[in-house]
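Q: My questions are about this predicted structure, shown below with the sequence.
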Amino acid sequence: MKHQLAKSVALSLLSPVIIGSLLGLYYALTLQGDFLSVFFQLLMTAISNAHIVGLTMAAFVVPGYLLMFKYSKVNYSGVLTLGLLGGAIFSYLLSASTGEIFLINSVMSAFAAGLFLFGLRKSIKK
């Protein structure tokens, strides 16, 4: 069980790279300017905010999942909500209280919780 959780948490840490790449690609295509500069700037901003994802996984998602698992009440929407809530709280406390960065950090943490659940489901089916 610990090995499966560790692999799933490691998979969830890809969330900043995926979200940063998607946002960087979107803004690089829609804004006028240097394509690579805009893309890498947004990618690095997302990666630099990866600590919020890590804290959310450590403080909200994994303990919440383990508590749900202990009582045989695993609810996927509950785990995703814990990811979104943890991302919002840590983003407010550590990074930004309002604006786009607050929203992106929260969504990035919820996406990380989704990747965590995806990793658990893939490891169980094997």
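A: Arrived safely. As the structure is a prediction and not an experimental result, all values here were calculated from the model.
Q: and H3, how many residues sit next to it?
A: 8 (other CB atoms under 10 Å). To be clear about C-beta, it is placed using only N, CA and C from the backbone, and glycine gets the same treatment.
Q: Checking Q32 next. Helix, strand or coil?
A: What DSSP: H, G, I helix; E, B strand; the rest coil gives for Q32 is coil.
Q: Give me the distance from the longest helix along the chain to the chain's centre.
A: When the chain is scanned for its longest helix (criterion: DSSP state H), the result is helix 100-125. Average the C-alpha atoms of helix 100-125, do the same for its chain, and the two points are 5 Å apart (CA atoms, centre = their mean, to the nearest Å).
Q: next one: stretch 93-110
A: Taking the mean C-alpha point of stretch 93-110 and that of its whole chain, the gap between them comes to 11 Å (CA atoms, centre = their mean).
Q: Identify the residues contacting Y65.
A: With contact set as CB atoms under 8 Å, 6 or more residues apart in numbering, Y65 has these partners: V74, V79, L82, F116, L120.
Q: check contacts around T56.
A: With contacts defined as CB under 8 Å, 6+ apart, T56 is in contact with G83, G86, G87, F90, S109, A112, A113.
Q: The same query, at a cut-off of 10 Å, please.
A: Contacts of T56 were listed using CB atoms under 10 Å, 6 or more residues apart in numbering, and they are 12, 15, 62, 82-91, 105-106, 108-110, 112-113.
Q: What is the burial count for the closest residue to A96 other than its chain neighbours?
A: Among residues not flanking A96 along the chain, F102 sits closest, at 4.6 Å (CB to CB, 6 or more residues apart in numbering). Using other CB under 10 Å, the number of residues around F102 comes to 16.
Q: I appreciate the help and will end here.
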